[in-house]
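[1] Take a look and give me a structure for this.
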Amino acid sequence: MANTESLKEIKNHIEKYIGEEISLVTDRGKRKMKTRNGVVKNVFRNIFTVEISGEFGTSRTASFSYSDILTQDVEFIISETEENLILEKVDVL
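    Coordinates of the predicted model:
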């Protein structure tokens, strides 16, 4: 089971980037990775939402859990620096 303090720390880091443009790299299994660009919209108790930019000027909202980041199913990358902020600062169990 994930450490509650680690999940809180991830949530606190993501809260700092509400309204900021980010990149998310998701692991879709069998060596398939998908990169999406978007803006962090909201941070809730168990999930955060990102408005993802689509083709032809469309957008949609996707939600991710903090445990997705903890288990490295999702990488949260700050677009300005291209550095993976969350996984560097949180000890993965």
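[2] Now the residue lying farthest from the centre of the chain: phi and psi?
    Using C-alpha atoms, centre = their mean, the residue of the chain lying farthest from its centre is Phe56. It sits 23.4 Å away. Backbone torsions of Phe56, given as degrees, to the nearest 10, read phi 60, psi 30.
[3] cool, and the one 5 residues further on?
    Its backbone dihedrals place Thr61 at phi -100, psi 130, with angles given as degrees, to the nearest 10.
[4] That one: what's it in contact with?
    41, 49-52 (C-beta atoms under 8 Å, 6 or more residues apart in numbering). Every C-beta, even on glycine, is put in place using the N, C-alpha and C of the backbone.
[5] List the buried residues for the lengthiest strand in the chain?
    Using DSSP state E to define each element, the chain has its longest strand at strand 33-43. By neighbour count on 16 or more other C-beta atoms under 10 Å, the buried set for strand 33-43 is 36, 38-40, 43.
[6] Give the rounded mean pLDDT of it.
    Computed over strand 33-43, the mean pLDDT rounds to 90.
[7] Tell me what angle the very next helix or strand once past that strand forms with strand 33-43.
    Using DSSP states H and E, the helix or strand that directly follows strand 33-43 along the chain is strand 47-53. Interaxial angle of strand 47-53 relative to strand 33-43 (axes from the mean of the first three to the mean of the last three C-alpha atoms, to 10 degrees): 120 degrees.
[8] by contact count, what packs against strand 47-53?
    With contacts defined as 3 or more C-beta pairs under 8 Å, 6 or more residues apart in numbering; DSSP states H and E, the packing partners of strand 47-53 are strand 21-27, strand 33-43, strand 59-65.
[9] Rebuild the ones you listed as JSON lines, extending it with distance to Lys8.
    Listed next are the helices and strands packed on strand 47-53 as JSON lines, based on distance: least, C-beta to C-beta, whole Å:
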{"stretch": "strand 21-27", "distance to Lys8": "20"}
{"stretch": "strand 33-43", "distance to Lys8": "11"}
{"stretch": "strand 59-65", "distance to Lys8": "13"}
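[10] before we move on, the earlier item: looking at the buried residues of strand 33-43, which is nearest Leu7?
    Using C-beta to C-beta, Val43 comes nearest to Leu7 of these, at 12.1 Å.
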